[in-house]
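Novice: sequence plus the predicted model coming up.
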Amino acid sequence: MFCAAVPDDPQMRRRVTAATNKVEAYNGFSEWVRFGNRGVITDNDPVEQEKAVKFNALLTNCLIFHNTLDIAEAVRRLRAEGWKVESEDLAEVLPYLTEKIMRFGEYSTHELDLPPEAYEPRLEVDFTRLGPDDSGLLS
């Protein structure tokens, strides 16, 4: 039987733990996003099962993108107010926020024909200061 050894190197252990935590956080968020029949796929058709899994992954990634845009806008506002936002602070922020997502809320379809507003993809924060030794989320 194969048993993975716990790394003796504390730095390696921190990096493995950080990576594991990232994966678990994503999986938890993805599970939260899944709805209908408590997230259980009851269809025996493999094609339908694959569709359900891929739809959930797509929806999860769309929500992560939306949350990331909200986080970036919040950082821009804080900086405009004079707050100092460091890369180390942002390395601890997860885009798996659920508080403002109304899974069973009201959805407007009249906006589907409107082009989305342009977003600013750059965030003026120096992430080069985060090195591979950081156990933060960006390492």
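Specialist: Everything's here; your move. Residues are numbered from 1 along each chain as shown.
Novice: now E117: how far from E73?
Specialist: 11 Å (CB to CB, to the nearest Å). All C-beta spots, glycine's among them, are computed from the backbone N, C-alpha and C.
Novice: packing partners of the longest helix seen in the chain?
Specialist: When the chain is parsed with DSSP state H, its longest helix is helix 46-80. If contacts are counted by 3 or more CB pairs under 8 Å, 6 or more residues apart in numbering; DSSP states H and E, helix 46-80 sits against helix 10-33.
Novice: which of the residues in the helix it packs on are buried?
Specialist: Residues of helix 10-33 classed as buried by neighbour count (16 or more other CB atoms under 10 Å): 14-15, 18, 26, 29-30, 33.
Novice: same list (those residues) but as CSV, adding distance to N61.
Specialist: Formatted as CSV, the buried residues of helix 10-33 follow (distance: CB to CB, whole Å):
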residue, distance to N61
R14, 27
R15, 24
A18, 21
Y26, 10
F29, 10
S30, 9
V33, 10
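Novice: which other residues reach stretch 67-82?
Specialist: Stretch 67-82 has contacts (CB atoms under 8 Å, 6 or more residues apart in numbering) with 85, 90, 93, 95-97, 100, 119-120, 123-125.
Novice: go again using 10 Å as the cut-off
Specialist: Here stretch 67-82 makes contact (CB atoms under 10 Å, 6 or more residues apart in numbering) with 29, 83-85, 89-90, 93-98, 100-101, 117, 119-125.
Novice: ditto for stretch 93-109
Specialist: For stretch 93-109, the external contacting residues (CB under 10 Å, 6+ apart) are 21-22, 25-30, 32-35, 59-60, 63-72, 74-75, 85, 136-138.
Novice: same question for stretch 19-32.
Specialist: Taking CB under 10 Å, 6+ apart as the rule, stretch 19-32 contacts 39, 53, 56-57, 59-61, 63-64, 67, 94-98, 101, 103, 135, 137-139.
Novice: re earlier: more neighbours, E117 and E73?
Specialist: E73 (13 against 6; other CB atoms under 10 Å).
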